[in-house]
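Prediction below, plus the sequence it came from.
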Amino acid sequence: MQGFELGRDFLMGTATAALQIEGGDRNNNWYRWCELGKIKDGSHCLRANDHYNRVEEDIALMRAMHNDTYRLGLEWSRIEPAPGQWSREGLDHYRRELELLLDAGITPLVTLHHFSHPLWFEDMGGWENRRSPEIFRRYTRTVVENLGDLIRDWITINEPNVYAMGSFLTGEWPPGKKSIPAYFRVLRNMVLGHILAYREIHAVRSARNFPCPTRVGVANHIRVFDPEDNALARGAARRLDYLFHTIVVRGMAEGKLSFPLGTGGCPLGKGFYMDFFGLNYYSRDIVAFSWKNPGMLFARLKTDPELPKNDLGWDIYPEGLYRICKEYYAKYKVPIYITENGICDADDDQRPRYICDHLEQVARLRREGIPVERYYHWTLMDNFEWTEGESARFGLIHCNFETQERTLRNSARLYGEICKAKAVTPEMAAKYLGA
Ligand code: IFM
């Protein structure tokens, strides 16, 4: 690899989610799912990384990697343990964490909903309940009123499409429902919840004269769907793209509810609700047509035998990052934050190259004038990877879950050097990639 520059104004860091690292919370939907024995390796989110008690130690690791920014999630159930009841302890905990980050010179980007929420919310149907957007707005308001002086950058909802699919279509995630109408009901409510939260964050921050600017977005999980070379496969890929990506992004950005979320109108009024485009990018799928898969819109997803795979069998396809950023920038013309990008790679033999190859696409985009402003590597340390449990290792830092010892992997050292230099140099490539 030749080396490339990212630019001094480019911000870099890592991303995590509260449920995946904090441990210790019994009042959320994933706690119950673990109790039901739904995690493949038998591990439990109650343990995770014990980050709740190790915030300082983990911020020191971010500093050691020269991170400028950190994407963290708030655990809703710690803030609103019962409907309309606010926990001083939960809010104080996050205030302290945010202050420690800011003192360390690390800019927080805060996610309000990342797959987990309180049990009381789950028990009223969660995002399927028609009152969910308003309930999410109320939670958002309390967070902004109490912590909004410390947070300029917000993600309302992480990967609404992945959440709705896992929880309401395939049934692999809590509450384990398998229903196409429920999938669309949930997406519709999440769109409305995002818009209400977007408005609330801006309204409260501006009324209180909190430091500007305020930026609010969504962490969108976007995949590349490349069809096989026939008309039926092309149709299947288009349908997937529409139902998995377009209706969600359009709804959240423009407030427009396209079929089947609605009839094309804007129930909350016309507007634009996306100050940056958050992109979680991991992989691509080859789409084949299959009569046997009506539930998947007659699509069958395949991997590309030519491409390397991560530990979970996902194709590694850096060019996809470039293609998606180009496509969505052309549509929305807002700054792009790569809010997640990473690899499941326990022995860390692919991660250094993965990081360099994906950042090379970012450098290419920036040279072409596409404003990719930030990159958050998923993830800081091995953590609780939903139904995969502790076995799927996405961390720059290795975690021994028994002892909670954190050990920097080679890729963490490389990432630290890149964050410091805002470049990949030929020397780094030689040292870490052997090329
Ligand atoms: O761990 C998840 C994260 O919570 C959401 N995006 C994908 C990651 C890797 O699967």
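That came through fine.

Tyr70: what's it in contact with?
Contacts for Tyr70 (C-beta atoms under 8 Å, 6 or more residues apart in numbering) come out as 13-16, 59, 62, 101, 106-109, 376, 380. Any C-beta I mention is one placed from the backbone N, CA and C, and that applies to glycine too.

do the same with Met190
Applying C-beta under 8 Å, 6+ apart, the residues contacting Met190 are 127, 133, 157, 160, 163-164, 248, 252.

same thing with Val218?
Residues near Val218 by C-beta under 8 Å, 6+ apart: 155-158, 160, 194, 249, 252, 274, 278.

Over to Pro160?
187, 190-191, 194, 218, 248, 252.

do Ile418 as well
6, 12, 355-356, 359, 424, 428.

Just flag the most distant two among those.
Met12 and Met428 (14.1 Å; C-beta to C-beta).

okay, the two: which has more neighbours?
More crowded of Met12 and Met428, by other C-beta atoms under 10 Å: Met12, with 23 against 19.

can I assume the more buried one sits in a strand?
Yes: Met12 forms part of a strand when assessed by DSSP: H, G, I helix; E, B strand; the rest coil.

returning to that earlier point: so of the contacts of Tyr70, which ones are in strands?
13-15, 107-109, 376 (DSSP state E).

if we can go back for a sec, nearest to the ligand among the contacts of Val218?
Asn158 (6.2 Å; C-beta to the nearest ligand atom).

Let me have the contacts of Tyr70 in CSV, extended by distance to Asp68.
What follows is the contacts of Tyr70, written out as CSV (distance: C-beta to C-beta, whole Å):
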residue, distance to Asp68
Gly13, 6
Thr14, 11
Ala15, 13
Thr16, 16
Ile59, 13
Met62, 9
Leu101, 11
Ile106, 7
Thr107, 6
Pro108, 11
Leu109, 11
Tyr376, 10
Leu380, 14
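
can you pick the most crowded of those residues?
Highest count within those by other C-beta under 10 Å belongs to Leu380, 31 neighbours.

tell me the contacts of that residue?
14-16, 21, 58, 61-62, 70, 395-397.

Among the contacts of Met190, which are located in strands?
Ile157.

returning to what we had before: and the ones in strands among the contacts of Tyr70 as a markdown table, adding pLDDT and distance to Asp123?
Below are the ones in strands among the contacts of Tyr70 laid out as a markdown table (pLDDT from 0 to 100; distance: C-beta to C-beta, whole Å):
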| residue | pLDDT | distance to Asp123 |
| --- | --- | --- |
| Gly13 | 99 | 35 |
| Thr14 | 99 | 33 |
| Ala15 | 99 | 29 |
| Thr107 | 98 | 36 |
| Pro108 | 98 | 31 |
| Leu109 | 99 | 30 |
| Tyr376 | 99 | 32 |
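
so how far is the ligand from Arg26?
Relative to the ligand, Arg26 is positioned 20 Å away (criterion: C-beta to the nearest ligand atom, to the nearest Å).
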